[in-house]
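[1] what follows is a predicted protein model with its sequence.
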Amino acid sequence: MADEGVKGRQPDPLQFGGYDNDFVDPVSPKLECPVCLLPFFNPYLLDCCGIKICGPCVQMVQNQEKPCPLCKQDFNSLIDKATHREVLDLKVFCSNRTSGCDWKGELRYLEKHVNKECGWVEVECSYGCGGRYPRHKLKNHEQDECLERPLEVSLTSMDRKMSARIEALEEKQMKQEELVNALESRLVEKEEEITKLRLMIEEKQTKDGDLLQEMEAKLLQNGEDIVAMKAKIKELEMKNVEKKKTGAKRKQSKSFHEESEESVNEFKVHSGGFEAGKCSRFTTKGYLIPGESKRGINVVVLDSYGNLSHRESFDTHKQVKESSRFCEFINGLQGGTVIGIAVKDDAKECLTEPAVNTIKYLGGTEIVHVKFRSSYALVAIVGYPSYTLEAATDGDIPAIVSYLLPASGIINILNGQSFVVKVISAGYLENGGMGEIQAVHSGSSFMVTCCPLQTVCVCNNICVGDIDPRHRSLRLKLYDVCDTKKDSDTLEAEFTQGSSIYGFAKTNRIKKEFRDSFHDMMEALGSKFHKEVEHSSSWVFIGSSSNNTPVAEVMDHKAKIAIAATFPIPF
């Protein structure tokens, strides 16, 4: 048998075995010998059963005088060159791949690569030093390192190194000269820029000097104008003081004056049942509180300064378990927490008795009268039911509650160091308007004084409260300013006598003959809305007869609105 192959794998003819090279792709099973399980090396075709076997494997079977390894019969063999060509077409890696050679190609070219091209094949030095080096390092060894190299080779190597060194130094020198030339050019440019900047600075200094002189002249003129203006202001102040002294008809109260300058934050709750818009809105400090309102009871929790703390909705229209969840939520709030409740669409269908009792615990008494699709709004301070304000309506009239909280918080109210003036007003209704003034104290020693207008007169009334913080008293009077001239005159006289604090609960229009003098009185008290009050408007006002800054004032044209001005009066 002829031994056709490559040096990458040279099987011993006396031993069996195919190519054991490192193939790039997996070898097809049809190209593997069934005896050695390697790719065919010089394959032969057996005539007994038609199988193919490596040449070395056939040699081994014949030497041992054994039958065919597959069918166990005697056989004759014929070399299969076509199959051998298929094997030689396979791509392999270099035999020195592990040493670092990255060559890959057809198996038939492996021998040529290894014998002539591969730089990782170790080759013996041609000068006879006995050393063996990878082919890619041999040239360097023979020219520069081999001790047996001829003298002319050594000289040539030294000359080559020196020439390379000289060329590198010359190139470096040339680059340095170019850099020096560039720096010199840059330096010249910078010097020119510096010269220009100096000229600009000198020119600017000259202009600034002229401008400074001009400004000094203007300042001198302005100084004279300021002196004249101060004199004019002082003259106007003296005239204003004289005017106040001339028009003063009431006593001064320093303690209330200091307290009345405190600002308040309005917490407004709007409830609309099914026929009243199906809405639920909360506003604080003039801004709409973010969050989605859902059907049933909507609750907003504020801290003592009127900032949003939490928001929750309970669908007590459809699910009884929502009433239980509402009770758990309210019972989990700490005392002194400010909350607002607004019904949207309907909340009565699945509102359980415990849920109603929970609202009663907050101070809501009107919840028992809420019907299917009613509107209901409430503002309360948990644990202080006497401060609760609520409104309930039926049909297409919404229920609105406006609650004024001190900007400094409600701590002085809750710790018993002050009492609260609460003024409630409702515009004209079919069953009569309603106005009420209360003084509420958190301690048990203070007697609460109430005067509901609806129990005295149906409408056309203004309720005035004269509050004395030092004696913890609230003196209340009713005035029918629509139909009774006497009441109008008495109210004006009451104002001129100088009560310490006024609270107004407007339930209907003001008598025409009294309107001008009433507006003058309210303007002196510092009211902003008194001229906007219309027929059936709801309007409350708390102010001092000794100061033209109102403590609290709220006005709304809704047909049904309850307004509370909760201002703390220290004592």
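    Happy to help now that I have it. As the structure is a computational prediction, the values presented were derived from the model and not from experiment.
[2] which stretches of the stretch 251-400 of the chain form strands?
    In the stretch 251-400 of the chain, the segments counted as strands under DSSP state E, counting those that start in this stretch are 264-273, 279-284, 287-288, 296-302, 308-314, 338-345, 375-381, 384-393, 399-406.
[3] and those, which is most packed in?
    Of all those, strand 375-381 carries the top mean neighbour count, a mean of 29, counting by mean count of other CB atoms under 10 Å. Where C-beta positions appear, they are placed from N, C-alpha and C, glycine not excepted.
[4] each with direction, which strands does it pair with?
    Strand 375-381 has the following sheet partners, assigned by DSSP bridges: strand 338-345 (antiparallel), strand 384-393 (antiparallel).
[5] so for Lys52, which of the strands of the stretch 251-400 of the chain sits nearest?
    Of all the strands of the stretch 251-400 of the chain, it is strand 308-314 that lies closest to Lys52, at 83.9 Å by CB to CB.
[6] and the angle from that closest one to strand 338-345?
    30 degrees (axes from the mean of the first three to the mean of the last three CA atoms, to 10 degrees).
[7] against Asn307, how distant is the nearest residue to Gln334 once chain neighbours are set aside?
    Ranked by CB to CB, 6 or more residues apart in numbering and with sequence neighbours excluded, the top spatial neighbour of Gln334 is Val382, at 6.8 Å. Val382 is 16 Å from Asn307, where distance means CB to CB, to the nearest Å.
[8] out of these two, which sits in the busier spot?
    A count of neighbours by other CB atoms under 10 Å puts Val382 above the other of Val382 and Asn307, at 19 against 11.
[9] could the strands of the stretch 251-400 of the chain go into CSV alongside mean pLDDT?
    Compiled in CSV, the strands of the stretch 251-400 of the chain are given as follows (pLDDT from 0 to 100):
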stretch, mean pLDDT
strand 264-273, 84
strand 279-284, 90
strand 287-288, 88
strand 296-302, 94
strand 308-314, 92
strand 338-345, 92
strand 375-381, 90
strand 384-393, 82
strand 399-406, 80
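[10] from what I see, Pro146 and Cys129 are in contact.
    In this structure residue 146 is Cys, not Pro. Yes: taking contacts as CB atoms under 8 Å, Cys146 lies within contact range of Cys129: 5.2 Å.
[11] which of these two has more neighbours?
    The neighbour comparison of Cys146 against Cys129 (other CB under 10 Å) goes to Cys146, with 20 against 15.
[12] now do the contacts for the more buried one.
    Shown in contact with Cys146 (CB atoms under 8 Å, 6 or more residues apart in numbering): Cys125, Tyr127, Cys129, Gly131.
[13] mind checking which of the residues you listed are in helices?
    Applying DSSP state H to those, no entry is found in helices.
[14] report the buried residues of the helix or strand where Val87 lies.
    Using DSSP states H and E, Val87 sits in helix 81-88. Across helix 81-88, burial judged by 16 or more other CB atoms under 10 Å covers Thr83, His84, Glu86, Val87, Leu88.
[15] contacts for the helix or strand just after that helix?
    Once the chain leaves helix 81-88, the next helix or strand it forms, by DSSP H and E, is strand 91-93. For strand 91-93, contacts defined as CB under 8 Å, 6+ apart pick out Gly8, Asn21, Asp22, Phe23, Val24, Asp25, Trp103, Lys104, Gly105, Glu106, Leu107, Leu110.
[16] what's the first helix or strand after strand 91-93?
    Where DSSP H and E defines the elements, the next helix or strand beyond strand 91-93 is strand 104-106.
[17] now that following strand: mean pLDDT?
    For strand 104-106, the mean pLDDT works out to 90.
[18] repeat that for stretch 69-85.
    88.
[19] quick one: contacts of it?
    Identification of contacts with stretch 69-85 by CB under 8 Å, 6+ apart yields 1-2, 4, 31, 34-35, 40, 42-49, 51-53, 55, 58, 61-62, 67-68.
[20] related to what we said a few turns ago, got CSV for the strands paired with strand 375-381, with distance to Lys268 too?
    CSV is the format used below for the strands paired with strand 375-381 (distance: least, CB to CB, whole Å):
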stretch, distance to Lys268
strand 338-345, 8
strand 384-393, 11
